[in-house]
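Trainee: Quick check, what structure comes out for this input:
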Amino acid sequence: MTTTTLAVLVPLLPFLGAAAGLATGRRAPGFVRPLAVLPTLAAAVLAVLVAIRQGGNTVIEASTQLTPTGSVPISLGLHIDGFAALVAVLVGVVASCVQIYSTGYLREDPRYPSYAALVSLFTAAMLLVVYSGDLMVLLVGWEIMGICSYFLVGHYWETPEARSASLKAFLVTKLGDVPFLFGLFALATDAGTFRIDGILSTVASGGLDHPTLVALLLLAGVAGKSAQFPLHTWLPDAMAGPTPVSALIHAATMVAAGIYFVARLLPVFAASAAAMTVLAVMAAITMVGSALAALAQDDIKRVLAYSTIGQLGYMAGALAVGDRGAAVFHLLSHAAFKALLFLAAGAVIHAAGTNSLTAMSRMGGLAKRIPDAYWTMTVALLALAAIPPFAGFFSKEAVLVAAEHTALGDRTTAPAGAGWTILVAGLLTALLTAAYALRLWLRAFRGHGPEAPRHGRQPLAMTSVLWVLAIPSLGFGLSAVYLDDWFDGEALTPTLTTAVLGTGLAVAGGAVTYAVWRTLAARAVPAVPTPHVAHPDADAGLVEAEALHLPHPARDPADPGRALLGPLYGPAADGFHLDALYRKVFVRPVLGAASLVRFLDREVVDTYVSGAAGSAKGLGWLVRRAQTGNLQTYLSALLAGSVVLAIAAVALANAFAGA
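Mentor: Reported below is the predicted structural model:
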């Protein structure tokens with residue numbers, strides 16, 4: 001079987017699995033889990049075979065033109081370079097882990113068939129984005145992911161949080177997709193093609209007429225999809241969905257799509273110094289702001305959500321300094337330990353028997369209760385904090401090294417100012433990342449809160465996946481020396497300067513956080529029980545947990561985040577009030593305009609319509625009154641009319657005769 005055929009099957013298999021799952025899920029429940037797991041697992045195996053055959057140093061091209069458009073042609077094609085091959089493996093592996101994990105996590109969920117099918121469709125859409133050689137076909141996968149995220153985030157649609165989060169995710173990402181679409185059209189107009197190889201050839205020859213406009217339009221879509229400032233606000237709220245969905249979105253699909261898109265078309269962005277500067281500033285604000293917000297969150301999933309935003313900022317920063325190898329390397333590394341973090345958090349939630357008990361202030365005694373989640377999450381947090389030799393250290397150092405080279409003028413693909421911006425922001429974020437990673441670990445596993453209710457043993461499908469993902473979280477960074485061919489042949493090894501600075505700041509952040517936690521824990525007094533009335537729709541596990549009268553997170557005495565942030569704690573906990581700002585600046589004016597349109601429609605347009613209808617109704621009433629059905633009345637009217645007409649005729653004749 002040819003490599004092209006194998007590559008076509010990679011996105012096709014999960015798509016067929018999704019279609020079969022949606023068609024037969026209700027009628028044949030026994031086939032739901034095999035249809036969820038086997039096609040995705042087969043796609044992952046085929047993606048590995050494609051990567052091996054591709055070898056990293058060649059580009060696989062194949063295409064067939066679709067129906068003629070009359071202008072810029074659209075083709076169904078493949079464009080598989082080293083980055084595409086590796087990212088496809090990542091998507092297949094993480095999606096397979098999520099599907100296997102979900103068979104245990106959502107074992108009793110009545111909507112599991114539709115959930116599993118949507119996860120498969122989500123996976124197929126991302127694989128289409130990865131392998132596509134035509135931007136219009138890529139856009140199809142891009143938009144399918146958007147609608148899949150809407151349904152999956154809103155899986156628990158009975159809760160207002162899930163409904164609101166799914167709608168917010170859809171609208172915010174669509175807000176970025178509108179200029180993104182115009183950017184694709186502008187790019188194709190300049191290049192004369194939607195084919196990626198044709199566009200890159202046009203850029204290389206200097207044939208792109210409007211590089212800044214095209215790049216900025218495309219960056220709007222990337223900011224929405226990859227949750228970069230200022231369109232990042234949807235991602236923390238998306239935690240209302242099932243935890244495995246969060247792992248899939250944060251590690252291998254959706255948010256990874258924007259970073260991958262820029263990496264694939266980096267020459268388009270590098271053609272504009274202004275666009276690279278905008279990307280650098282956007283990445284720097286995203287990194288630092290999300291790290292501060294993560295340090296103030298009490299919900300364990302929201303900490304991880306803000307962490308994802310920050311790590312995506314690192315990837316965007318690497319792209320802003322012109323190093324797509326470092327960006328994709330961190331994308332792959334981050335996918336392993338972030339998927340592990342979310343799935344381990346899911347194990348914590350599953351142990352409580354509810355999807356609602358996610359506040360760290362309500363956790364305690366979990367290290368001994370769920371050892372698999374404890375040890376694997378510890379590995380993932382060390383990788384997140386970039387502690388050597390864990391995977392996050394090597395990939396984050398690759399970003400810092402790229403920024404250092406640009407700042408010092410060794411790399412000329414981006415302005416030196418962009419390099420300094422990313423380098424300073426990256427080092428500060430390394431300090432904050434270690435602080436909130438250790439804070440999460442201490443509060444979730446070493447805190448003094450009451451224990452969550454026991455809810456049986458963890459299913460093997462969940463615990464096995466955790467240990468599988470722990471392997472790349474620990475050792476993937478070391479493989480960088482063997483993957484040069486897949487990363488444009490560039491070395492991704494750390495340098496002494498950035499390694500010392502980055503690791504030193506991470507250790508300092510962790511040490512200060514631990515010291516503050518120990519001090520607060522020693523001074524802490526038992527929290528005053530807070531009466532709570534459980535929601536009537538809450539499940540049994542939540543009712544049992546709430547019955548413990550757990551402390552309110554705002555009064556948690558052993559939270560080092562409050563002491564470290566000081567007056568920034570409140571704004572950081574609320575995401576620096578960006579949602580409130582957007583409501584005032586955008587939502588309220590739109591609602592006001594909608595109210596005005598509704599008033600004009602009701603009071604003006606409807607008045608004219610109602611008046612016309614009333615006139616016709618009145619005329620009809622008069623005509624109806626004349627139709628009595630009495631023959632004598634009709635004859636009398638006819639005679640009277642004849643007399644009137646005769647009199648009128650005589651009068652007119654006399655008038656003309658006298659004239």
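
Trainee: Double-check residue 445 against residue 370; I have them as touching.
Mentor: No. The pair residue 445 / residue 370 is not scored as a contact, 9.2 Å apart, by C-beta atoms under 8 Å. The way it works is simple: take the backbone N, C-alpha and C, and place the C-beta from them, glycine included.

Trainee: ok, now how distant is residue 224 from residue 113?
Mentor: Per C-beta to C-beta, to the nearest Å, residue 224 is found 30 Å from residue 113.

Trainee: Next: residue 640.
Mentor: Residue 640 is 79 Å from residue 113, by C-beta to C-beta.

Trainee: Neighbour count: the two, which is higher?
Mentor: Higher neighbour count among residue 640 and residue 113: residue 113, with 22 against 10, using other C-beta atoms under 10 Å.

Trainee: Can you tell me the closest non-neighbouring residue to the more buried one?
Mentor: Spatially, and ignoring its direct neighbours in sequence, residue 113 is nearest to residue 25 (2.8 Å; C-beta to C-beta, 6 or more residues apart in numbering).

Trainee: Equivalent analysis for residue 79, please.
Mentor: Per C-beta to C-beta, 6+ apart, closest to residue 79 is residue 133, 3.3 Å.

Trainee: which residues does the one you found contact?
Mentor: The contact partners of residue 133, by C-beta atoms under 8 Å, 6 or more residues apart in numbering, come to 61-63, 75, 77-79, 195-197.

Trainee: From those, list the buried ones, please.
Mentor: 62-63, 75, 77-79, 195-197 (16 or more other C-beta atoms under 10 Å).

Trainee: Any stretches of this protein with poor pLDDT?
Mentor: Applying pLDDT under 70 to the chain flags the ranges 67, 69, 352-357, 364-365, 447-456, 524-557, 659.

Trainee: pretty sure residue 242 contacts residue 112?
Mentor: No. Using C-beta under 8 Å, residue 242 is not in contact with residue 112; the gap is 9.9 Å.

Trainee: anything in contact with each of these two?
Mentor: Residues touching both residue 242 and residue 112 (C-beta under 8 Å, 6+ apart): 102, 106.

Trainee: neighbour count winner among these two?
Mentor: More crowded of residue 242 and residue 112, by other C-beta under 10 Å: residue 242, with 26 against 22.

Trainee: and the gap between the more buried one and residue 337?
Mentor: 20 Å.

Trainee: now residue 374: how far from residue 575?
Mentor: For residue 374 relative to residue 575 (C-beta to C-beta), the value is 29 Å.

Trainee: residue contacts, residue 487?
Mentor: Counting by C-beta under 8 Å, 6+ apart, residue 487 has contacts 56, 82-83, 325, 328-329, 480.

Trainee: Please repeat the previous calculation with a cut-off of 6 Å.
Mentor: Taking C-beta atoms under 6 Å, 6 or more residues apart in numbering, we find residue 487 in contact with residue 325.

Trainee: in the stretch 501-650 of the chain, which spans are helices?
Mentor: Assigned by DSSP state H, counting those that start in this stretch, the stretch 501-650 of the chain shows helices spanning 540-546, 560-565, 569-573, 578-582, 588-600, 606-626, 631-658.

Trainee: The residue nearest to residue 113 against residue 32, yeah?
Mentor: Yes. Counting by C-beta atoms under 6 Å, residue 25 touches residue 32, with 5.3 Å between them.

Trainee: Common neighbours of those two, please.
Mentor: With contacts taken as C-beta under 6 Å, 6+ apart, residue 25 and residue 32 have residue 113 as neighbours in common.

Trainee: out of the helices of the stretch 501-650 of the chain, deepest packed?
Mentor: The highest mean neighbour count among the helices of the stretch 501-650 of the chain, using mean count of other C-beta atoms under 10 Å, belongs to helix 560-565: a mean of 21.

Trainee: Which other helices and strands does that helix contact?
Mentor: Judged by 3 or more C-beta pairs under 6 Å, 6 or more residues apart in numbering; DSSP states H and E, helix 560-565 is in contact with helix 496-523.

Trainee: Could you give the separation of stretch 313-331 from the chain centroid?
Mentor: Distance of stretch 313-331 from the chain centroid (C-alpha atoms, centre = their mean, to the nearest Å) equals 18 Å.

Trainee: Give me the contact list for that stretch.
Mentor: Against stretch 313-331 from outside (C-beta under 6 Å, 6+ apart): 83, 228, 256, 259, 262-263, 266, 270, 276, 279-280, 283, 286-287, 395, 398-399, 402-403, 406, 411, 413-414, 418-419, 422, 487-488, 490, 492.

Trainee: Of these, grab the buried ones for ChimeraX.
Mentor: Here is the ChimeraX command that selects the buried residues among the contacts of stretch 313-331 (16+ other C-beta under 10 Å):
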select :83,228,256,259,262,263,266,270,276,279,280,283,286,287,395,398,399,402,403,406,411,413,414,418,419,422,487,492
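
Trainee: Quick one: mark the members of the contacts of stretch 313-331 that sit in strands.
Mentor: Per DSSP state E, strands hold no members of these.

Trainee: In helices, which of the contacts of stretch 313-331 fall?
Mentor: Secondary structure from DSSP state H places 83, 256, 259, 262-263, 266, 270, 276, 279-280, 283, 286-287, 395, 398-399, 402-403, 406, 418-419, 422 of the contacts of stretch 313-331 in helices.

Trainee: rewinding a little: in the contacts of residue 133, find the pair that's most separated.
Mentor: Spanning the widest gap among the contacts of residue 133 are 62 and 196, at 12.5 Å by C-beta to C-beta.

Trainee: SS state for residue 296?
Mentor: coil (DSSP: H, G, I helix; E, B strand; the rest coil).

Trainee: Just confirm it contacts residue 561, I think it does.
Mentor: Yes. Taking contacts as C-beta under 6 Å, residue 296 lies within contact range of residue 561: 5.2 Å.
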